[in-house]
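S.K.: okay, sequence plus prediction incoming.
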Amino acid sequence: MRKLSLYRVYGCSTVHRNSIIGLPDNRVAFLAGSYLVIHDCLTNEQRYLSFSAIEFLYISSSGLLMGIIDRFTQNGDTRIHIYSTKPVDLLCTIEPDRFGSFIGITINKNDNLLMILHNEPAYMITIQEMQIEFDEQHKFNMTDLASVRVVHGFVFNRMIKKEIIPHVAFISFCPYSLNLFCATGSALFKIYEIDNQNVNQQTIHFRAEFYIFTCHCWLDVNSILTATNHGHIFWIQDGSIRSDINLEESITVDLHFLKKNISNENSSQQSMTLKSSSRINTLEYGKILFYFFF
């Protein structure tokens, strides 16, 4: 009997967010069915990692760590695999815990804190402290640091006069800080600060329950851009909405003004006009892809 083996993969699955990520040394990693394909763009060689069903793919801001969430049972149980990228080696596997299935991960800029987002209804966030030695042996150690419950039940939306349950869609560490992170989603926008083993929520000066936030990105320690499902981009600084950009209308966005207020740099002001007929590049599920030219 002949035995079949995987020879080459053509094409990428796009069912989940971050279906393709960049790796160091001119490589990319992308999803293809139950495989994660490591493709060398110079040599055109491929390496394959097999999983049950990949739900989430992540690369740290340093490019040294890669995270994979894999669903391995029909009941939806998931586990996390943390890999080094130079070379691609498995560092650890995190099995399901008492807080439920994993749906998201993010790593801070120093690669020493791993944040894990658990499934509803509480959307618990647990934070692990990692100690990694990037040598030939890749010594790895991880300890529990802190945890926080993001959703505490219903919130009342006065616009529609209904109680709704917030949902978390996206989490991220601030790339300009070691201890700040943000969680956004349906009727939810929260910023937290890690203080030793405590997680403190910062004050937000607007009603998050009025919006469905689909994604966000950091501009600075105290500045975030976040998008809604209705085509709005909010510039949030110090917990307050500083600007509301409606992509469905003709607008003028002063990019140098944004940068000047964030970095206090003196630059000549330029503006970019977006017409309602302009085509905005969007990601799957309505997530907006931002392009900033500074």
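M.R.: Everything's here; your move.

S.K.: and the strand or helix carrying residue 106, which strands flank it?
M.R.: Counting by DSSP states H and E, the element that carries residue 106 is strand 102-107. As defined by DSSP bridges, the strand partners of strand 102-107 come to strand 113-118 (antiparallel).

S.K.: what mean pLDDT does the strand it pairs with get?
M.R.: The pLDDT scores in strand 113-118 average 94.

S.K.: got the contact list for the strand holding residue 106?
M.R.: 55-56, 58, 60-61, 65, 67, 69, 78-80, 94, 96, 113-119, 168, 170-173, 181 (Cβ atoms under 8 Å, 6 or more residues apart in numbering). Every C-beta, even on glycine, is put in place using the N, C-alpha and C of the backbone.

S.K.: same check on stretch 115-128?
M.R.: 80, 94, 97, 99-108, 113-114, 142-151, 165-168, 171, 173, 181, 183, 192, 194, 199.

S.K.: same thing but at 6 Å, please
M.R.: 99-106, 113-114, 142, 145-151, 168, 171 (Cβ atoms under 6 Å, 6 or more residues apart in numbering).

S.K.: mean confidence for stretch 179-198?
M.R.: On average, stretch 179-198 scores 92.

S.K.: before we move on, what about stretch 19-39?
M.R.: Stretch 19-39 shows a mean pLDDT of 93.

S.K.: SS state for residue 172?
M.R.: Recorded secondary structure, residue 172: strand (DSSP: H, G, I helix; E, B strand; the rest coil).

S.K.: direction included, what does the strand or helix carrying residue 244 pair up with?
M.R.: Following DSSP H and E, one finds residue 244 within strand 240-246. Sheet pairing of strand 240-246 (DSSP bridges) gives strand 232-237 (antiparallel).

S.K.: mind exporting the strand it pairs with as PDB, just the C-alpha atoms?
M.R.: C-alpha atoms of strand 232-237 as PDB (Å, rounded to 0.1, in the frame of the first residue of the first chain):
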ATOM      1  CA  HIS A 232     -16.100  55.200  12.500                       C
ATOM      2  CA  ILE A 233     -12.600  55.600  13.700                       C
ATOM      3  CA  PHE A 234     -12.200  57.200  17.100                       C
ATOM      4  CA  TRP A 235      -8.900  58.800  18.200                       C
ATOM      5  CA  ILE A 236      -8.900  58.300  22.000                       C
ATOM      6  CA  GLN A 237      -6.400  60.100  24.100                       C
END
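
S.K.: out of the contacts of stretch 115-128, which end up buried?
M.R.: Neighbour-count burial (16 or more other Cβ atoms under 10 Å) is assigned, among the contacts of stretch 115-128, to 99-106, 113-114, 145-146, 148, 150-151, 168, 171.

S.K.: ok, which stretches of the stretch 151-294 of the chain are helices?
M.R.: Using DSSP state H, counting those that start in this stretch, the helices found in the stretch 151-294 of the chain span residues 255-263.

S.K.: so, low pLDDT: which residues of the stretch 1-150 of the chain?
M.R.: Applying pLDDT under 70 to the stretch 1-150 of the chain picks out residues 1, 134-138.

S.K.: and residue 204, how many neighbours?
M.R.: Using other Cβ atoms under 10 Å, the number of residues around residue 204 comes to 15.

S.K.: if we ignore the residues flanking it in sequence, what's nearest it?
M.R.: Once flanking residues are discounted, residue 204 sits nearest to residue 239: 4.8 Å by Cβ to Cβ, 6 or more residues apart in numbering.

S.K.: the one you found touches residue 208, doesn't it?
M.R.: No: using Cβ atoms under 6 Å, residue 239 makes no contact with residue 208, being 10.8 Å away.

S.K.: ok, how many other residues are close to residue 30?
M.R.: For residue 30, using other Cβ under 10 Å, the count is 19.

S.K.: which residues does it form a beta bridge with?
M.R.: Bridge pairing for residue 30 (DSSP bridges) gives the partners residue 20, residue 37.

S.K.: contacts only, for it.
M.R.: When contacts are counted by Cβ under 6 Å, 6+ apart, residue 30 touches 12, 20, 37.

S.K.: how close does it get to residue 23?
M.R.: 10 Å (Cβ to Cβ, to the nearest Å).

S.K.: residue 70 too?
M.R.: For residue 70 relative to residue 23 (Cβ to Cβ), the value is 18 Å.

S.K.: what of residue 129?
M.R.: Applying Cβ to Cβ, the value for residue 129 to residue 23 is 25 Å.

S.K.: between these two, which is the more surrounded one?
M.R.: residue 23 (20 against 14).

S.K.: quick check: bridge partners of the spatially closest residue to that one that is not a sequence neighbour?
M.R.: Using Cβ to Cβ, 6+ apart and skipping the chain neighbours, the partner closest in space to residue 23 is residue 85 (5.1 Å). Residue 85 has the following beta-bridge partners by DSSP bridges: residue 88.

S.K.: many thanks, I have nothing further to ask.
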